[in-house]
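# with the sequence up front, the predicted model follows.
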Amino acid sequence: MTTHPNCPFCRIAAGEIQPVLLHEDRDVMAFLDIAPVRPGHTLIIARPHIETFEHLPPDLAGKILSLAQKLARRMKEVYGV
């Protein structure tokens with residue numbers, strides 16, 4: 001897994017920073033934002049460092065999108081949005 005020492009998301013993926021975790025598997029992590037726009041504001045990251053969006057492999061992008069939809073449905077139930 002590619003990591004960058006100055007990237008806070010790499011530090012989270014490596015376990016150096018402990019977020020409020022909502023989902024974790026070998027490819028992605030989802031956790032609550034430390035500065036939420038609204039309750040339940042969640043970030044989803046790839047475990048390997050991806051420099052920019054256009055470098056995101058399609059299979060990993062699909063996994064992130066699928067997880068985002070699942071979490072969005074749950075957030076609507078929990079927060080009534």
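Okay, I see it.
# and His23, how many residues sit next to it?
13 (other Cβ atoms under 10 Å). All C-beta atoms are positioned from the backbone trio N, CA, C, and that covers glycine.
# what comes into contact with stretch 59-68?
His23, Asp27, Val28, Ala30, Ile44, Ala46, Ile50, Leu56 (Cβ atoms under 8 Å, 6 or more residues apart in numbering).
# so the second one touches Ala46, yeah?
When you say that, I think you mean Asp27. Yes. Between Asp27 and Ala46 there is a contact at 6.7 Å, judged by Cβ atoms under 8 Å.
# neighbour-wise, which of the two wins?
Using other Cβ under 10 Å, the more surrounded residue of Asp27 and Ala46 is Ala46, with 19 against 15.
# show the contacting residues for that one.
Going by Cβ under 8 Å, 6+ apart, Ala46 touches Asp27, Val28, Leu56, Leu60, Ile64.
# element containing His23?
Assigned by DSSP states H and E, His23 belongs to strand 21-24.
# what comes up buried for stretch 31-41?
Neighbour-count burial for stretch 31-41 flags Phe31, Gly40 (criterion: 16 or more other Cβ atoms under 10 Å).
# look up how far His23 lies from Val37.
Val37 is 19 Å from His23, where distance means Cβ to Cβ, to the nearest Å.
# coming back round to it: looking at the contacts of stretch 59-68, which is nearest Pro5?
Proximity of these to Pro5 (Cβ to Cβ) peaks at Ile50, which lies at 15.9 Å.
# now the helix or strand containing Gln69: buried residues?
Here Gln69, judged by DSSP H and E, is contained in helix 58-79. For helix 58-79, the buried set under the neighbour-count rule, 16+ other Cβ under 10 Å, comprises Lys63, Ile64, Leu67, Leu71, Met75.
# swap in stretch 48-58?
Buried, per 16+ other Cβ under 10 Å, within stretch 48-58: Ile50.
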